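Trainee: Here you go, sequence then predicted model.
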Amino acid sequence: MSNKLKSVTVGVVSLFAIGVLYWGIHYLKGVNVMNDKRVLHAYYQDIAGLTEGNSITLKGHKIGTVTKISFDDKRDNQLKVLINIEDDVQIPVNSKAKIISLDLLGTKGISLILGDTNVMAISGSELESAMEASLQDEVNAQILPLKNKTEGLISSIDSVMIVITSVFNKDARESLNKSLTGLDRTFNTLSNTMLTVNSIVKGNEENLNEIILNFKTISTSFSESNTEIKNILYNFSSFSDSLAKADILSTLNNIDEITKQINNNEGSLGLLINDKKLYNNLQKASKELEQLLGDVKDNPGRYVSFSVIGAKNKPFTEKKTE
């Protein structure tokens, strides 16, 4: 084999090796150089440890890799992240590129949150950036309320301990001891009183039973009397209804009219009551009639005579009244 052929063979093998090395490096980075790609980018103030070769996921599925991270002095030194995405995935232009933690070890990646526009991103389009809260931030968000509650609880415990300390000083202990002693005496007195009451009840058990029996009898009698009282109330109610139905007002008006007629000397009764002369004449006639009846009774022969010989009538003499 000539030297020229050897040189060509070495060159071809070297180029193949370089291609394989290039493909292998990108394969290890997760970049498939055989597929068509779209290169998108997003700007971040902080990438939280994101590195080149980290995965780009959509709904948990890997669709690309981070190919380059650099500072952009035209954007106040923000970090420009190039995103290599497979061409067969449709990404709306208003989608978000959110940096997230892929595992508990803190491996970073970018999760695409699809937008709602019908305009799709093309190679060179810029996506809106976003940042997921770190694990420390999440822990702090969960622990902060607990910390605040713990601090409040500690403050309450301190207040309680201050109160307890002030209560259980020497003077307070003595007062509390005296109070407990007085309370113990009160309970003893109450116990003795209950024993006395118990003995009284036992000694008068027969009397109490008799009292209870009498009370029961009285209750029964009251129940029977209650029926009678109900009847009386019912009769009184009936009488009041009848009285309400009676035309009392008309009767009173008639009596009032009669009284007016008497007072006005109308009718015989009015003349008799109001005419004094007539009253005196009636009184005089009544007196004379009484005297006449008395004389007839005393001297019947003066008024009825059956004399055969012809006896003389005795003259009438008026009796003197004392």
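Mentor: Noted; the coordinates are in hand.
Trainee: Sort out which residues of stretch 116-133 are buried, please.
Mentor: 121, 125, 127, 129 (16 or more other Cβ atoms under 10 Å). In short, each C-beta sits where N, CA and C put it, glycine included.
Trainee: same question for the helix or strand containing residue 187, mean pLDDT?
Mentor: Per DSSP states H and E, residue 187 falls inside helix 170-203. Here helix 170-203 scores 82 as its mean pLDDT.
Trainee: need the helix or strand of this structure with the lowest average pLDDT.
Mentor: helix 267-274 (a mean of 63; mean pLDDT, DSSP states H and E).
Trainee: now the buried residues of stretch 116-133 in a markdown table, with pLDDT, secondary structure and distance to residue 112?
Mentor: Output for the buried residues of stretch 116-133, formatted as a markdown table (pLDDT from 0 to 100; DSSP: H, G, I helix; E, B strand; the rest coil; distance: Cβ to Cβ, whole Å):
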| residue | pLDDT | secondary structure | distance to residue 112 |
| --- | --- | --- | --- |
| 121 | 88 | coil | 10 |
| 125 | 89 | coil | 12 |
| 127 | 91 | coil | 8 |
| 129 | 89 | strand | 11 |
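Trainee: need the residues you listed in JSON lines with distance to residue 164, can you?
Mentor: Listed next are these as JSON lines, based on distance: Cβ to Cβ, whole Å:
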{"residue": "121", "distance to residue 164": "68"}
{"residue": "125", "distance to residue 164": "69"}
{"residue": "127", "distance to residue 164": "62"}
{"residue": "129", "distance to residue 164": "57"}
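Trainee: just to revisit the earlier point, which positions within the helix holding residue 187 qualify as buried?
Mentor: For helix 170-203, the neighbour count (16+ other Cβ under 10 Å) marks no residue as buried.
Trainee: before we move on, what about stretch 91-111?
Mentor: So, applying 16+ other Cβ under 10 Å, buried residues of stretch 91-111: 91-93, 95, 97-101, 108-111.
Trainee: Closest to residue 180 out of those?
Mentor: Nearest to residue 180 among the buried residues of stretch 91-111 is residue 101, at 63.2 Å by Cβ to Cβ.
Trainee: still on that earlier bit, which neighbouring elements make contact with the helix holding residue 187?
Mentor: Packed against helix 170-203, as judged by 3 or more Cβ pairs under 8 Å, 6 or more residues apart in numbering; DSSP states H and E, are no other helices or strands.
Trainee: Can you get me the start-to-end distance on stretch 97-107?
Mentor: 16 Å (Cα to Cα, to the nearest Å).
Trainee: ok, residues contacting that stretch?
Mentor: 40, 42, 44, 47-50, 54-57, 81, 83, 108-113, 127-132, 134-135 (Cβ atoms under 8 Å, 6 or more residues apart in numbering).
Trainee: Inside strands: which ones of those residues?
Mentor: Among the contacts of stretch 97-107, the ones falling in strands (DSSP state E) are 40, 42, 44, 55-57, 81, 83, 108-113, 128-131.
Trainee: Domain-wise, how is the protein divided?
Mentor: Split into domains by automatic domain parsing, the chain comes to 1-34, 37-132, 247-303.
Trainee: Could you pull up the mean pLDDT of the shortest one?
Mentor: By that I understand domain 1-34. 69.
Trainee: change the start of the numbering to 52 and stick with it
Mentor: With the count now opening at 52, the last piece we talked about shows up as domain 52-85.
Trainee: Quick one: residues in contact with the strand ranked longest in the chain.
Mentor: Secondary structure assigned by DSSP E gives strand 112-123 as the longest strand of the chain. Here strand 112-123 makes contact (Cβ under 8 Å, 6+ apart) with 80-82, 88, 90, 94, 98, 101-108, 128-137, 140, 161, 163.
Trainee: can you do 7 Å?
Mentor: 80-82, 94, 98, 101, 103-108, 128-137, 140, 161 (Cβ atoms under 7 Å, 6 or more residues apart in numbering).
Trainee: Buried subset of the residues you listed, written for PyMOL?
Mentor: In PyMOL syntax, the buried subset of those is picked out as below (16+ other Cβ under 10 Å):
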select buried, resi 80+82+94+98+101+105+106+107+108+129+130+131+132+134+135+136+137+140+161
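Trainee: Neighbours of residue 120, how many?
Mentor: The number of residues packed near residue 120 is 15, by other Cβ atoms under 10 Å.
Trainee: any idea how far residue 108 is from it?
Mentor: 18 Å (Cβ to Cβ, to the nearest Å).
Trainee: do the same with residue 96
Mentor: 22 Å.
Trainee: same check, this time on residue 143
Mentor: Going from residue 143 to residue 108 by Cβ to Cβ gives 16 Å.
Trainee: And for residue 267?
Mentor: 92 Å.
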